[in-house]
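Asks: This is a predicted model, with the sequence first.
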Amino acid sequence: MIDIFERWDILFKVSRRRIRNNNISMETQSKDEINQLNNIMDVKKVYISALIGGLPEYVVQKAFSNAEKELIEVGYKTINPLKLAEELRAIFEHRYPTDAQYLGFDIYHLIDHSDAVYFCRGWHESKGCRLEFEAAKIYGKELMFE
């Protein structure tokens, strides 16, 4: 656990660096600094829910990428199901899990690791997104909509 003096020291270093570079953008900070600040500030983790089935892969990737970028820009950490899918395939040693296994893994992360759920346009057309919506409501997650 970081004590209050360590927190202020990290914030001071980041502020001083911003002033020195005459730039207040998060882009000037190293990933380590951003991770330290996120841990200190208890940044809200947002799970992204979007329509996947029936769409070309590039459309799905763009939807998740845009949502992730938008959420990060306003200061949230994100949980991206497309990245979770890669993690799950690694667990299955690159065999493809079933749809139920993907959805179960996603719902686990939604319930256990997120504070809120961001629903992209068209989410209501997806059975998986509707299931994620109900899980988010049942578990008291903040609901956000594009």
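Replies: Noted; the coordinates are in hand.
Asks: Please enumerate the strands of the protein.
Replies: Applying DSSP state E to the chain gives strands spanning 45-49, 77-79, 116-119, 142-145.
Asks: so how far is the first one off the chain centroid?
Replies: Remark: strand 45-49 is offset 5 Å from the chain centroid, using C-alpha atoms, centre = their mean, to the nearest Å.
Asks: Over to stretch 129-137?
Replies: 16 Å.
Asks: buried stuff in it?
Replies: Residues of stretch 129-137 classed as buried by neighbour count (16 or more other C-beta atoms under 10 Å): 129, 132-133, 135-136. From N, CA and C alone the C-beta is placed, and that goes for glycine too.
Asks: which ones are touching the residue positioned nearest the centre of the chain?
Replies: Nearest to the mean C-alpha position of the chain, counting by C-alpha atoms, centre = their mean, stands residue 78 at 1.1 Å. Neighbour list for residue 78: 45-48, 67-68, 71-72 [criterion: C-beta atoms under 8 Å, 6 or more residues apart in numbering].
Asks: Quick one: buried ones out of those residues?
Replies: Neighbour counting with 16+ other C-beta under 10 Å marks 45-48, 67-68, 71 as buried within the contacts of residue 78.
Asks: Now the two most distant members of these.
Replies: 45 and 67 (13.8 Å; C-beta to C-beta).
Asks: Residue 84: neighbouring residues, count only.
Replies: For residue 84, the neighbour count with other C-beta atoms under 10 Å is 18.
Asks: Cool, thanks, signing off.
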